[in-house]
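Colleague: kindly generate the corresponding structure for this input.
(4 chains)
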2 protein chains.
Amino acid sequence: MTAPIQDFAVEQLRKHGYKLTQARWAVILTLAESPSPLAINDLYQQARAHAPDLGLVTVYRTLEILDSLKLVRPVHLMEDYHGYALATPGHTHHVVCQRCKSVVEIEGCDISPFLDRVREETGFHITGHWLELEGICPNCRTKDSGRAEPA
Amino acid sequence: MTAPIQDFAVEQLRKHGYKLTQARWAVILTLAESPSPLAINDLYQQARAHAPDLGLVTVYRTLEILDSLKLVRPVHLMEDYHGYALATPGHTHHVVCQRCKSVVEIEGCDISPFLDRVREETGFHITGHWLELEGICPNCRTKDSGRAEPA
DNA sequence: ACTCTAAATGAAAAACTTTTTCATTTAGAT
DNA sequence: ATCTAAATGAAAAAGTTTTTCATTTAGAGT
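Modeller: Next up, the predicted model:
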C-alpha cells in the first residue's frame, strides 16, 4: 500500500518551510477525503468539520500554497463546475464522473501522435497541455439510474 | 477562401432568433479580430472601440449567448489567464502561444489510444474531454528573443 | 516542559466581479 | 413610417477574492 496522498502533501509543506497548522491540515484532509473536486466554498464548509473556526480566508491562502507547490490542481468541467483536487506530483490528469462528480487521477498520458500532427499543421512547438476527461464512473454505470449524488 | 468566422457567428445568432445589435456586433468583431483569447474585461475595453457606449453588462450577456450557441469557447491556460476565443462549431481545441498568447484553433483530434487506456484502467466510460495545448508559435520562435506582446 | 518569535490565523473592511432590476432605446417585422 | 418585443446601459445588489491588522499558534531553542 502506498502512502496516503495527504502525507505527501504534508511532507512537501514542511519541506518548504510552511508550518503544519490545524487549519491547513483540515483543508488537506478534506481534499484528500473528497471523492470529487471541491469548489472553494464547499471545501470551506466541509473543512470546518475538522477545524470549526476555520476562516474562509485561510482556505484561500492554503490553496494558494498548495497550488504553488503543485499539490492541488484546479479541475474544470465542461459545464460549469470548477473545483480543486489533490494531485500527486508530475504530469497527471483527472477523469471526472458526469453523474456523481467523483474524480480519478490518471498518471501519464501519451497523446504524442496527436501532438505531432498539431506541430506539423500549426508550426507551434508544443510545450505543455492540459487535458480533462469526463465520463461515467463504473459505479454510476452499474447502478444505472440509481442515486449517487455527492455532498 | 472560407467565410470569416464572424459571419458564421452572426448567421447563427440570427438563426436562433437573436437580433444583431451594434453591441453584439462589436463583441463578435472584437473576438474575431483578436489573435489571443480575451478576458472579459479586455474584451469590454477593446469592444468599446467599435461601440463606444457599450456596457460591461452587455458583454456578459453576449458572451452568455455566444457560449450557449457554442460560438465562443473559454480558454484556460496553465498559468493564470482565462479568456474567451471564437470557435467554429464541432469538436475543436486551441493551442495558445506561451509568449504572445496568440491562439490557433485545431480541428479534430485523435487521442483514442489514450482514451482506451483510461477506459481500461479506470472503468470509466469516457464521454468527453477538454484539451488545451500550450506552446511557442512559429512567429515567436523565429524572432527568438524578439518582441511580440499582444494588446 | 517552558519561552519566544516569526509565521499563520480569523474578523472586518476593501476591492473586485458578476447578476439583477428597471426605465429607455433599438432592430427589424409589418 | 409604425410598432413591439427584445436588447440596452446605469445603478444597485449580490457574490467572490484580497488586504489589513490585532491575536493566536507551531515549533525551534533552551
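Colleague: how about the residues of chain A near DNA strand D?
Modeller: Contact residues (CB under 7 Å from any atom of the strand) of chain A with DNA strand D: A:14, A:19, A:20, A:21, A:22, A:40, A:41, A:56, A:57, A:60, A:64. Quick note: C-beta positions are derived from backbone N, CA and C, even for glycine.
Colleague: so which of the residues you listed are in helices?
Modeller: Members of the residues of chain A next to DNA strand D lying in helices (criterion: DSSP state H): A:14, A:22, A:40, A:41, A:56, A:57, A:60, A:64.
Colleague: what about the fifth one, how many residues nearby?
Modeller: In this case it means residue A:56. 14 (other CB atoms under 10 Å in any protein chain shown).
Colleague: how about the secondary structure of the nearest residue to it once chain neighbours are set aside?
Modeller: The shortest distance from residue A:56 to any non-neighbouring residue, by CB to CB, 6 or more residues apart in numbering or on different chains, is to residue A:44 (5.1 Å). What DSSP: H, G, I helix; E, B strand; the rest coil gives for residue A:44 is helix.
Colleague: burial check on residue A:44, number of neighbours?
Modeller: Residues near residue A:44, counting by other CB under 10 Å: 20.
Colleague: likewise residue A:138?
Modeller: 14.
Colleague: ditto for residue A:60
Modeller: 12.
Colleague: does chain B have contacts with stretch A:103-115?
Modeller: Yes. Using CB under 8 Å from any CB of the partner chain, stretch A:103-115 reaches chain B at A:104, A:106, A:109, A:110, A:111, A:113, A:114, A:115.
Colleague: dump the residues you listed to CSV, plus pLDDT.
Modeller: Shown next, in CSV, are these (pLDDT from 0 to 100):
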residue, pLDDT
A:104, 91
A:106, 91
A:109, 87
A:110, 86
A:111, 91
A:113, 91
A:114, 93
A:115, 93
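Colleague: name the member of those with the most neighbours.
Modeller: residue A:114 (22 neighbours).
Colleague: centroid residue for chain A?
Modeller: Geometric centre of chain A, nearest residue: residue A:85, 1.7 Å, by CA atoms, centre = their mean.
Colleague: about what we covered before: next, the contact list for the residue nearest to residue A:56, please.
Modeller: A:54, A:56, A:59 (CB atoms under 8 Å, 6 or more residues apart in numbering or on different chains).
Colleague: can you list the residues of chain A near DNA strand C?
Modeller: Near DNA strand C, when you scan chain A using CB under 7 Å from any atom of the strand, you find A:17-19, A:21, A:23-24, A:51, A:53-55, A:57-58, A:61-62.
Colleague: farthest pair within the residues you listed?
Modeller: By the measure CB to CB, A:17 and A:53 form the most distant pair in those, at 25.1 Å.
Colleague: that's all I had, so thanks and see you.
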